[in-house]
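Asker: could you work out the structure for the sequence below:
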Amino acid sequence: MDNSGTVLATCGGFTLISADGKTANLAVSKTVSTTTASVLDTIVYTIKVVNNGSDNATGVTITDVLSNSLNFVSAVPTVGTYSTTT
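Answerer: Numbering: from 1, shown residues only. Now for the predicted structure:
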């Protein structure tokens, strides 16, 4: 991660951006409830972000685009917010 306040890393389909240029060390992981699904099955994706750095990670945005073959049902963030427009 750099201090420029621009794109910090791209990994596994995620883009991490810090608006304030703080130094942090973010680890992003995404898990899925099943690797095989049938029509109308529910698939749960869990995205976890851990800050292993010395500064708080503020102003961070994570974007994960849902496949066109899936329908969004709901989001339950434990920290932060979720936007259905991204």
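
Asker: the most centrally placed residue in the chain pairs with what?
Answerer: Centre of the chain computed as the mean C-alpha position; nearest residue by Cα atoms, centre = their mean is residue 62, 4.0 Å away. When bridges are called by DSSP bridges, residue 62 pairs up with residue 16.

Asker: which residues touch the nearest residue to residue 44 once chain neighbours are set aside?
Answerer: Spatial nearest neighbour of residue 44, chain neighbours left out: residue 33 (4.0 Å); criterion: Cβ to Cβ, 6 or more residues apart in numbering. (Each C-beta comes from the backbone N, C-alpha and C, glycine too.) The contact partners of residue 33, taken as Cβ atoms under 8 Å, 6 or more residues apart in numbering, are 42, 43, 44, 45, 46.

Asker: need the pLDDT of residue 33.
Answerer: You'll see residue 33 listed with a pLDDT of 92.

Asker: which residue ranges of the chain form strands?
Answerer: Using DSSP state E, the strands of the chain run over 7-11, 14-18, 26-32, 45-51, 60-63.

Asker: partners of the third one in the sheet?
Answerer: By that I understand strand 26-32. Neighbouring strands of strand 26-32 in its sheet, by DSSP bridges, are strand 45-51 (antiparallel).

Asker: not counting its own residues, what contacts the strand it pairs with?
Answerer: Taking Cβ under 8 Å, 6+ apart as the rule, strand 45-51 contacts 14, 24-33, 57, 60, 62, 64.
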